[in-house]
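> I'll drop the sequence and a predicted model, then ask my questions.
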There are 2 protein chains.
Amino acid sequence: MPIDRGSKKAMPTEQETGGAPAPKEAWRLADEREELHARKRRLILEAAARAFAEGGYHQTSIDRIAKKLQVTKPTIYYYVKNKDELLFQIAQTVLNDLDEELAAIEIGNFPALDQLKIFFRVYAKLINSDFGYCMAFVSDSVLQPVSRAKLRRYKKEFELRVRKIIEEGRQDGTLQVADPRMFTFAIFGAFNWMPQWYARPGAQTVDEIVESFLDIFCGNLMPSGRGAAVRSESGQPG
Amino acid sequence: MPIDRGSKKAMPTEQETGGAPAPKEAWRLADEREELHARKRRLILEAAARAFAEGGYHQTSIDRIAKKLQVTKPTIYYYVKNKDELLFQIAQTVLNDLDEELAAIEIGNFPALDQLKIFFRVYAKLINSDFGYCMAFVSDSVLQPVSRAKLRRYKKEFELRVRKIIEEGRQDGTLQVADPRMFTFAIFGAFNWMPQWYARPGAQTVDEIVESFLDIFCGNLMPSGRGAAVRSESGQPG
DNA sequence: TGATGAATATACCGAACAGTAGCTTCTGTC
DNA sequence: GACAGAAGCTACTGTTCGGTATATTCATCA
């Protein structure tokens, strides 16, 4: 019976078993094992995400994912409870990443407009990855109601945080926005749709596209001709 | 053996069979039958579109669609060749509708900006219907390569026609657009994403949302008070 | 060296479902 | 009223696939 995989790291805070302390060596090995486990789990998620993004959730069998990793189906099930779970974990991973990024942005005390731009540069990268694609396109309607509701709540929370930035931008006058709610939907829609038309090693890089989009939405019109989309603000916080 | 359902109406131009002409009555009845057939076929497509939109393509069995229509599965297959075909027909119907609308718009000699607005008012309605949703979200990756390629070509053609309108708008100065291609992607993305967040009988009507979006993209400042989204190029701070 | 348990494999089950064969029924025609 | 063909049904097939029971391998440890 496999142990509970839910707990993140289970860092053993000294010997819980009051008796003789297990040798350090044992703990180290246990940790390594756990890390290896986490790493393999991650590999599975990655293979799944790629497969889902390429062929769709239902057209992708667990067997196929297993074959890609050169293992067998039960091995997958050793690391993941369900096919659903697979998808759910993928989406959650993305949302966690996004959460961290957004938190960092919120802390750094930039002007709202800059916050928005920084956020969508990150967001565009993510949404064009296999993970991001799964989160945006695959996740809904496939999951169990509970997981679905959870993800929706999470997504909604995001949208609100971004909307808040937009509202700030409107108040300090750096963003000309009539209806922040609609604006949020529009800009998310535009970015979310990217993977539908953007071919990976296309003529344009993701970054170039992002700048174009930010131009469109944030009204940064270039005074002179082409490509004056100067990234005025400094780089990422960090 | 059922007759070929591909031909649209098969209007019998007088008696093809050189012999005795069939009585008019017979033709009339045949036409009625054919019309009834087409109508039923349409009902099937509608039921399918609704089911696909609600539950996803793969989660929807033909049996389920049949049950909704209070018939049995083989009946569906009497009208449609494949499950694929079902989806393909749905998408094609939408694209045909869109084609007609766009053609009408192109003919009427409006200014580009107006053309764009008229188009997206129609488009938003469509994309929020079951048919439109299926076209935008379900169709890809599910279909056979041939059908898929066909739809893609069709969609691409559209995008180009709309882009052309946008380019005209740029040239006559009614649209401030730096990169028409990117602008096209952005605006389509925003609209395509609508059904992901818009709840049918929501606080806002589709029309209201469309106007908000057109505001955002086409800089249509509303005369009354708030948020005069004057999109004349306000440079970026810094 | 034998015990333990993690990690992977083999082999299978049962359900769901697309699609079909072939029978029946109903309607208009001759 | 016999025929033809459209329209629909019951009952079945074949396959795919998620998921599992169970065996096997292998490293760690006592």
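It's in. Numbering: from 1, shown residues only, chains lettered A, B, ... in the order given.

> and the residue minimising distance to the centre of chain A, what does it touch?
The centroid of chain A falls nearest to residue A:94 when counting by CA atoms, centre = their mean (2.0 Å). For residue A:94, the contact set (CB atoms under 8 Å, 6 or more residues apart in numbering or on different chains) comprises A:126, A:131, A:132, A:134, A:135. Placement of C-beta: from N, CA and C, glycine included.

> Adding distance to DNA strand D and neighbour count, write those out as JSON lines.
Below are these laid out as JSON lines (distance: CB to the nearest atom of the strand, whole Å; neighbours: other CB atoms under 10 Å in any protein chain shown):
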{"residue": "A:126", "distance to DNA strand D": "26", "neighbour count": "19"}
{"residue": "A:131", "distance to DNA strand D": "19", "neighbour count": "25"}
{"residue": "A:132", "distance to DNA strand D": "22", "neighbour count": "27"}
{"residue": "A:134", "distance to DNA strand D": "15", "neighbour count": "26"}
{"residue": "A:135", "distance to DNA strand D": "19", "neighbour count": "27"}
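
> Can you pick out the most distant pair from the residues you listed?
A:126 and A:134 (11.0 Å; CB to CB).

> still on that earlier bit, redo the contacts of residue A:94 as CSV? Include secondary structure, pLDDT and distance to residue A:118.
Listed next are the contacts of residue A:94 as CSV, based on DSSP: H, G, I helix; E, B strand; the rest coil; pLDDT from 0 to 100; distance: CB to CB, whole Å:
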residue, secondary structure, pLDDT, distance to residue A:118
A:126, helix, 96, 13
A:131, helix, 97, 20
A:132, helix, 97, 17
A:134, helix, 96, 24
A:135, helix, 96, 20
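
> Distance check, residue A:140 against chain B.
In this view, residue A:140 and chain B are 8 Å apart by CB to the nearest CB, to the nearest Å.

> Show the pLDDT at that residue.
Note on residue A:140: pLDDT of 81.

> That one and residue A:148 touch, don't they?
Yes - in this structure, residue A:140 is within contact of residue A:148 by CB atoms under 8 Å, at 6.5 Å.

> Which helix or which strand is home to the residue nearest to the centre of chain A?
Assigned by DSSP states H and E, residue A:94 belongs to helix A:83-107.

> That helix and DNA strand C, any residue contact?
No - under the criterion of CB under 7 Å from any atom of the strand, DNA strand C is not reached by helix A:83-107; the shortest gap measures 12.3 Å.

> Any buried residues in that helix, and which?
Judged by neighbour count using 16 or more other CB atoms under 10 Å in any protein chain shown, the buried positions of helix A:83-107 are A:83-95, A:97-98, A:101-102, A:105.

> Show the low-confidence segments of chain A, by residue range.
A:1-30, A:220-238 (pLDDT under 70).

> Can you show me the helices along it?
Taking DSSP state H as the test, the helices found in chain A are A:24-55, A:62-68, A:73-79, A:83-107, A:112-127, A:130-133, A:145-171, A:180-197, A:206-218.

> Relative to residue B:59, which of the contacts of residue A:94 is nearest.
Nearest member of the contacts of residue A:94 to residue B:59, counting by CB to CB, is residue A:134, at 16.9 Å.

> hang on, that closest one packs against residue A:52?
Yes - counting by CB under 8 Å, residue A:134 does reach residue A:52; the two are 5.1 Å apart.

> which residues does residue A:218 contact?
By CB under 8 Å, 6+ apart, the contact list for residue A:218 reads A:113, A:116, A:117, A:175, B:236.

> returning to that earlier point: touching both of residue A:134 and residue A:52, which residues are there?
Common contacts of residue A:134 and residue A:52, defined by CB under 8 Å, 6+ apart, comprise A:87, A:90.

> Against residue A:172, how distant is residue A:149?
As judged by CB to CB, to the nearest Å, residue A:149 and residue A:172 stand 35 Å apart.
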